[in-house]
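Participant: Need the 3D shape of this:
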Amino acid sequence: MDARLVFLLLLAAAASAPLASAQLSADFYKTSCPDAEKIIFDVVQKRFKADPGTAAGLLRLVFHDCFANGCDASILIDPMSNQASEKEAGPNVSVKGYDVIEEIKTELEKKCPNVVSCADIISVSARDSVKLTGGPEYAVPLGRRDSLVSNREDADNLPGPDIAVPKLIDEFDKQGFNVEEMVAMLGGGHSIGVCRCFFIETDAAPIDPKYKKTISDACDGKDSGSVPMDSTSPNDLDGSYFGLVLEKKMPLTIDRLMGMDKKTEPIVKAMSDKTTDFVPLFAKAMEKLSVLKVLTGKEGEIRKTCSEFNNPQNSSGSTSVIRISSIDPDQMAGLSQPGSSSRKVGPPPVEEETPAMVATEAAAKVPGGVVVSVGGGQQPAAQASGQEKVADTPGPKLRGSQETVNPAPVVSGAEEADKQEGAAALEEKKKRNMAKLRGGA
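Facilitator: Here you go, the predicted structure:
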C-alpha cells in the first residue's frame, strides 16, 4: 500500500477519535468565573469540618456518576412522578452529597450565573475531598457540560460489593482501567467512610474472627447501624486499606476477596509493603475517571439547578400509560432543596417486589468508593388511582427538551391478574426493605 495512503488513513482515524477530554482545560473559567474552584473548595471544606463523612459521600458520588454514563452530572437529576432517573436506581438510593453540590451551585450562580457546570462541580468537589482527607492532589481539567438525559437503567447494573473479582476486573476494563488502577481506586475509595450493618455479610468470604466479633457486636442486629470502612484511620485516605485487606479485616465482601484473587492479591501485597506506591497510582486513576466520557463544547447544557434540566420534557401528555417513580422523591435524601418546589404527583406508588428488586436492594452498600449494584429493574404493582400499570421493560426516561421519550407498553389483563396475586404480602416486605435502605442513607 502507498505510504501516503497509509498516512492519510491514520490521519482520518485520528480525526474521528473522541476528542472531548482534549477540550477540557485547567484555566477554562479563567475569565468567565475565576473564583470557581475557590468557591467549590470553601463549601466542601466547611461541610467537611462539620462532618468528615462528607468526603466519602462526594468521592462515592463521582464514582457513581462517571461509571454509569460518563462524568455528566446525570446522577443529580431528580425523578419526576412519571419519569425515572439515575438518582432512584438501586445503587444510588443511599448515595450522599447531593445537598453539598446544590449548595456549591447556589454560591456559584450568585457569582457567575449560567457558567459553571454541575459535572465540573462533582469532579472538583471529589478532588477537594481527597485532599482534605490527606490523599494525593491530582489535576482536574474543567469545561464539562451537563447531560440532557438521566436514565435509571444506566445505573441499575453497576458492579456490586459482592461481585466476583474477575467480573469486577472486566467491568473496570470496560471503562479503560487496568487491574492496578482498579485496586488503587478501591484502596482509596474504601479507606474512608462507613459501611452500614444492613449490608455486611461476614460469612460471604473469609474474615478475621476477632474482627468479625467486633463488627457483629457493633451492629448487634441493628440494620441502620454502621462500622468504619477502615478501622485504623477511618477519616484518612491512606494506604492502610491494603494491610487490612490481607488481614481480612474489611466489612465488605469484595475487599476481602481482593486479598485472595490470583490477579489482585499480588498487587494488594505490593502496595501493603510500600504504601507510597499507592499514592501516584490513585491520583492517576482519579484523573482518568474525571474525564470519562465527558460532554464538552455545545453538547449538553449548563444547568441552572443541578437537580433538574433547564427545559425538562414531561412525557405524560403523550400517552395515558406513564411510568411511576419507584421511590417517592420527597422521601429520598438530598432531593428537596431550599426554595425548590416538589414535583411529586399523587401518593407514592405501590410496588410488587421481584427478584430484580432484591438484587437492586443489595446495591448501596457503602458511602465511600465504587460500591454499587448487581441490579435489574423494579416492577411497579398497583398504582395510584386512575393510573395504568406498565411492564418491566424500560419506559420513559427523564430527559431534557432535546430528547424524545418513548412510552412503555401496556400490560395485558392476564398479566395484571397474575401480578396482583400475593401483592399485599410482597408490598409489606418491600416497604420494610426500602425503609432499611432509607433509614441509614
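Participant: From here on, just use CA atoms for contacts and neighbour counts.
Facilitator: Will do.
Participant: Can you give me the distance of D128 to K293?
Facilitator: Per C-alpha to C-alpha, to the nearest Å, D128 is found 21 Å from K293.
Participant: meant to ask about L24, not that
Facilitator: On the measure of C-alpha to C-alpha, L24 and K293 end up 12 Å apart.
Participant: what's the answer for S307, then?
Facilitator: Using C-alpha to C-alpha, S307 is found at 20 Å from K293.
Participant: Compare the two and say which one has the larger neighbour count.
Facilitator: Each of S307 and K293 has its neighbours counted (other C-alpha atoms under 10 Å); S307 has more, 25 against 19.
Participant: close enough to count as contact, that one and L76?
Facilitator: Yes. Applying C-alpha atoms under 8 Å, one finds S307 in contact with L76, separated by 5.0 Å.
Participant: Surely V124 is in a helix?
Facilitator: Yes. Looking at V124 with DSSP: H, G, I helix; E, B strand; the rest coil, it is inside a helix.
Participant: residues near it, how many?
Facilitator: 24.
Participant: Show the contacting residues for it.
Facilitator: Applying C-alpha atoms under 8 Å, 6 or more residues apart in numbering to V124 gives the contacts E37, I40, V140.
Participant: which one of those sits closest to G239?
Facilitator: The nearest member of the contacts of V124 to G239, counting by C-alpha to C-alpha, is V140 at 22.2 Å.
Participant: and that closest one, what are its phi and psi?
Facilitator: Here is the backbone geometry of V140 (degrees, to the nearest 10): phi -130, psi 100.
Participant: what pLDDT does it get?
Facilitator: On pLDDT, V140 comes in at 98.
Participant: So it versus Y29, what's the distance?
Facilitator: Applying C-alpha to C-alpha to V140 and Y29 gives a distance of 13 Å.
Participant: So which of the two has more stuff around it?
Facilitator: Legend: neighbour count by other C-alpha under 10 Å for V140 and Y29, higher for V140 (20 against 17).
Participant: low-scoring stretches of the stretch 201-350 of the chain, by residue?
Facilitator: 314-350 (pLDDT under 70).
Participant: Show me where it has its helices.
Facilitator: Assigned by DSSP state H, counting those that start in this stretch, the stretch 201-350 of the chain shows helices spanning 209-219, 240-246, 253-258, 265-273, 278-290.
Participant: Generate a markdown table for the ones you listed, with mean neighbour count and distance to L168 as supplementary columns.
Facilitator: Formatted as a markdown table, the helices of the stretch 201-350 of the chain follow (neighbours: other C-alpha atoms under 10 Å; distance: least, C-alpha to C-alpha, whole Å):
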| stretch | mean neighbour count | distance to L168 |
| --- | --- | --- |
| helix 209-219 | 15 | 25 |
| helix 240-246 | 24 | 16 |
| helix 253-258 | 24 | 9 |
| helix 265-273 | 18 | 14 |
| helix 278-290 | 21 | 16 |
